[in-house]
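Undergrad: Make a model of this:
(one chain, ligands or ions: 2)
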Amino acid sequence: MEKVIRVVLAGPRGKMGIEALQLIDRTEHFHLVAAVDYKLGGEQIQKVSPGFKGEAKIYETLEQCIENESFDVLVDLTTPEIGKKHAFLALKNGIRPVIGTTGFTKEELDDLKELASNKELGCIIAPNFAIGAILMMKFSAMAAKYFKDIEIIELHHDQKLDAPSGTALKTVQMIEEVRESKVQGHPNEVETEAGARGADLNGMRVHSVRLPGLVAHQQVLFGGDGQLLTIRHDSMNRASFMSGVKVAVEEVMKLSELVYGLENIMD
Ligand SMILES: NC(=O)C1=CN([C@@H]2O[C@H](COP(=O)(O)OP(=O)(O)OC[C@H]3O[C@@H](n4cnc5c(N)ncnc54)[C@H](OP(=O)(O)O)[C@@H]3O)[C@@H](O)[C@H]2O)C=CC1
Ligand SMILES: O=C(O)C1=N[C@H](C(=O)O)C[C@H](O)C1
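TA: Ligands and ions are numbered 1, 2, ... in the order given. Model (predicted):
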């Protein structure tokens, strides 16, 4: 029998949180110790997920939860601002964070990396838990070796707080490892309306679409002489992320450093 991993979930009421609760409930070796939700302090988890099998108290803050409970892994699915705070707090208290929340800057990632190494604790920050999205990023990095002119269009639901998406930023980073900086388009190009050409990330243009009806989608366009290559991934629902969350919770227990991106722990 696998060793039980004691989990605390921050953000149980959210779209991802609700899905993650179901994952934890159906995974025999995951045990939900508690949850953190600033609006539901003192309630039981059934307040959010009526059919949840186990008992778990909801704390208003992660600080209170750490003071009162013993656990191995914090899964954070909250907001960019809170996710960062929780990641630092967890590591400082000897807890392994699995962070799905996006919006981390390079400096924040570097600081967390140093903290995780100093504490010799696993920490996983996964801009996208969907296996198809990981492959889309990996294929994009492969293609970028041959196609240097690249534009990314990421499309999300209109409740998303951060832009560009964590996945788009991660895609850019993976492409940067194989592609030198390049100014794309006409050198005298002018934007007659600000933002028309999207964000400029090392020469690559990133466009963020936000519309009701969308979930999480990205296409990476590669232009060449007389040809266009498009690599696209679509998450149709949040279940698409859950196998990645499961792997991350299991793998973070074996690590003693920060891993940014699930591609680094996939065989
Ligand atoms: N890595 C991945 O594969 C994926 C990552 N994401 C990311 O995960 C995060 C959550 O996404 P999603 O579920 O769609 O967003 P939601 O807005 O549906 O959920 C976020 C939840 O966190 C709650 N929250 C806010 N502050 C706190 C706090 N201090 N403590 C506890 N809970 C808090 C919110 O409450 P309230 O709204 O009442 O303020 C809300 O219920 C986002 O950053 C998103 O980008 C999403 C999908 C996939
Ligand atoms: O907010 C979302 O929904 C998503 N956020 C992540 C991101 O910013 O890339 C992952 C996925 O795209 C869904």
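
Undergrad: Quick one: end-to-end distance for stretch 123-136.
TA: In stretch 123-136, first residue to last residue: 23 Å (CA to CA, to the nearest Å).

Undergrad: List the buried residues for it?
TA: Residues of stretch 123-136 classed as buried by neighbour count (16 or more other CB atoms under 10 Å): C123, I124, I125, A126, P127, N128, F129, A130, I131, A133, I134, M136. (Glycine included, C-beta is placed from N, CA and C.)

Undergrad: Can you list which of those are found in strands?
TA: Counting by DSSP state E, the buried residues of stretch 123-136 place C123, I124, I125 in strands.

Undergrad: Output the residues you listed as TSV; include the columns pLDDT.
TA: TSV is the format used below for those (pLDDT from 0 to 100):
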residue	pLDDT
C123	98
I124	98
I125	98
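
Undergrad: Now distance to E107 too, for these, in a markdown table please.
TA: Shown next, in a markdown table, are these (distance: CB to CB, whole Å):
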| residue | distance to E107 |
| --- | --- |
| C123 | 16 |
| I124 | 19 |
| I125 | 14 |
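
Undergrad: between those residues, which is closest to ligand 1?
TA: If you rank these by distance to ligand 1 using CB to the nearest ligand atom, I125 comes first, at 8.6 Å.

Undergrad: Return the member of the ones in strands among the buried residues of stretch 123-136 nearest to ligand 2.
TA: Minimum distance to ligand 2 across those is 11.5 Å, recorded for I125 (CB to the nearest ligand atom).

Undergrad: give the contact list for the closest one.
TA: Counting by CB atoms under 8 Å, 6 or more residues apart in numbering, I125 touches A87, P97, I99, F104, L109, L112, L258, V259, Y260, G261.

Undergrad: Helix or strand: which one has the second one?
TA: Meaning P97. Element membership for P97 (DSSP states H and E) is strand 96-99.

Undergrad: what's in contact with the next helix or strand after that strand?
TA: Downstream of strand 96-99, the next assigned helix or strand under DSSP H and E is helix 106-119. If you take CB under 8 Å, 6+ apart as the criterion, helix 106-119 is touched by 84, 87-88, 91-92, 94, 104, 122-123, 125, 256-258, 260.

Undergrad: Find the closest residue to ligand 1 in the protein.
TA: G14 (2.1 Å).

Undergrad: Distance-wise, check H31 relative to ligand 2.
TA: For H31, the distance to ligand 2 (CB to the nearest ligand atom, to the nearest Å) stands at 26 Å.
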